[in-house]
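*Asks:* sequence and predicted structure, then a few things I'm wondering about:
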Amino acid sequence: MNERLFLTTTFSPMMLASGRSASVEEISLTEAREILGNRSWESAVSHEATAQVVTALFGFHIPFNRANLSLDHEDQVVCVIPAFRADVAREFSYDEVVTAGYRVFLVCVFDES
């Protein structure tokens with residue numbers, strides 16, 4: 001199977017294909033840059049303002065791309081997650097995302113068995 005690599009700003013177990021599990025490890029922004037710089041990857045950053053902030057963090061263009069992911073065996077996800085929660089679901093402004101701070105995680109998908 002061909003492993004795929006995604007860059008997102010969220011992760012949910014609902015993204016996992018049936019029969020799949022995942023490990024989640026916090027990584028540094030430097031480690032994330034190295035991972036993305038050494039392989040082909042696809043953006044799944046679903047809000048334009050967030051894509052702009054992540055572009056500034058990484059120092060290279062991160063496209064805005066709303067995508068429904070079904071992560072399969074050997075897929076990986078670099079998640080850059082803004083470090084705040086809102087009272088209601090909504091798209092955040094550029095300024096809100098910039099000032100929130102962030103944490104970065106590497107999600108690795110594998111078979112449950």
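*Replies:* In hand now; what should we look at? Residues are numbered from 1 along each chain as shown.
*Asks:* which stretches of the protein form strands?
*Replies:* Along the chain, the segments classed as strands by DSSP state E run 5-8, 20-27, 42-43, 76-82, 102-111.
*Asks:* quick check: buried residues in the last one?
*Replies:* If I follow you right, that is strand 102-111. Residues of strand 102-111 classed as buried: Y102, V104, F105, L106, V107, V109 (neighbour count, 16 or more other CB atoms under 10 Å). Just so you know, the C-beta spots here come from the backbone N, C-alpha and C atoms, and that holds for glycine as well.
*Asks:* pretty sure the first one sits against V78.
*Replies:* No - the pair Y102 / V78 is not scored as a contact, 11.8 Å apart, by CB atoms under 8 Å.
*Asks:* for the protein, what helix or strand is lowest in average pLDDT?
*Replies:* Using mean pLDDT, DSSP states H and E, helix 94-100 stands out as the lowest-scoring helix or strand of the chain, at a mean of 72.
*Asks:* any weak-confidence spans in this structure?
*Replies:* Scanning the chain for pLDDT under 70 picks out 1, 84-92, 94, 97-98, 113.
*Asks:* so what's S23 up against?
*Replies:* If you count contacts by CB atoms under 8 Å, 6 or more residues apart in numbering, S23 has them with V107, C108, F110.
*Asks:* please apply the same query to V80.
*Replies:* The neighbourhood of V80, defined by CB under 8 Å, 6+ apart, consists of L7, T8, T9, L29, A32, V54, L57, Y102, R103, V104.
*Asks:* which among these count as buried?
*Replies:* With burial judged by 16+ other CB under 10 Å, the buried subset of the contacts of V80 is L7, T8, T9, A32, V54, L57, Y102, V104.
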